[in-house]
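> My questions concern the predicted model and sequence given below.
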Amino acid sequence: MKSFLKYFKKISNNQGQGVMEYIIISSLIGIFCLVAVKQFGSVVQTRINYMKTSVVKNIPTK
């Protein structure tokens, strides 16, 4: 019975560690995405607007 309790405690500790690693990695990815959008947002918006005007200019209207 004692060995079962030791095994169960070991599993519980490993699961807690896995959850913490997941939270840390998710947080870092979220921060990276926010920084990337802040850094490159205006450049992407400018390019999208350029493509939009090019498409509108080159589509023949009736």
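Received, thanks.

> which ones are touching Met51?
Met51 makes no contacts at all, as judged by Cβ atoms under 8 Å, 6 or more residues apart in numbering. In short, each C-beta sits where N, CA and C put it, glycine included.

> Let's verify it: helix, strand, or coil?
Of the three states, Met51 takes helix under DSSP: H, G, I helix; E, B strand; the rest coil.

> Could you check the pLDDT of it?
pLDDT, the model's per-residue confidence, is 93 for Met51.

> Also Gln39?
At Gln39, pLDDT is 90.

> What helix or strand is Ile23 located in?
In this structure, Ile23 sits in helix 2-58 according to DSSP states H and E.

> Now do that helix: distance to the chain's middle.
2 Å (Cα atoms, centre = their mean, to the nearest Å).

> got it, and stretch 44-62?
Averaged C-alpha coordinates place stretch 44-62 at 29 Å from its chain's average position (Cα atoms, centre = their mean).

> Only the C-alpha atoms, please, for that stretch, written as CSV.
The C-alpha coordinates for stretch 44-62 follow below in CSV (Å, rounded to 0.1, in the frame of the first residue of the first chain):
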residue,chain,number,x,y,z
VAL,A,44,1.2,44.5,-42.8
GLN,A,45,-1.7,46.9,-42.9
THR,A,46,0.2,49.1,-45.4
ARG,A,47,0.8,46.1,-47.7
ILE,A,48,-2.7,44.9,-47.5
ASN,A,49,-4.0,48.4,-48.4
TYR,A,50,-1.6,48.5,-51.3
MET,A,51,-2.8,45.1,-52.6
LYS,A,52,-6.4,46.2,-52.2
THR,A,53,-5.9,49.3,-54.2
SER,A,54,-4.1,47.4,-56.9
VAL,A,55,-6.9,44.8,-57.2
VAL,A,56,-9.6,47.5,-57.3
LYS,A,57,-7.6,49.4,-60.0
ASN,A,58,-7.0,46.4,-62.2
ILE,A,59,-10.6,44.9,-62.1
PRO,A,60,-12.5,46.2,-65.1
THR,A,61,-15.9,47.7,-64.2
LYS,A,62,-18.9,47.6,-66.5
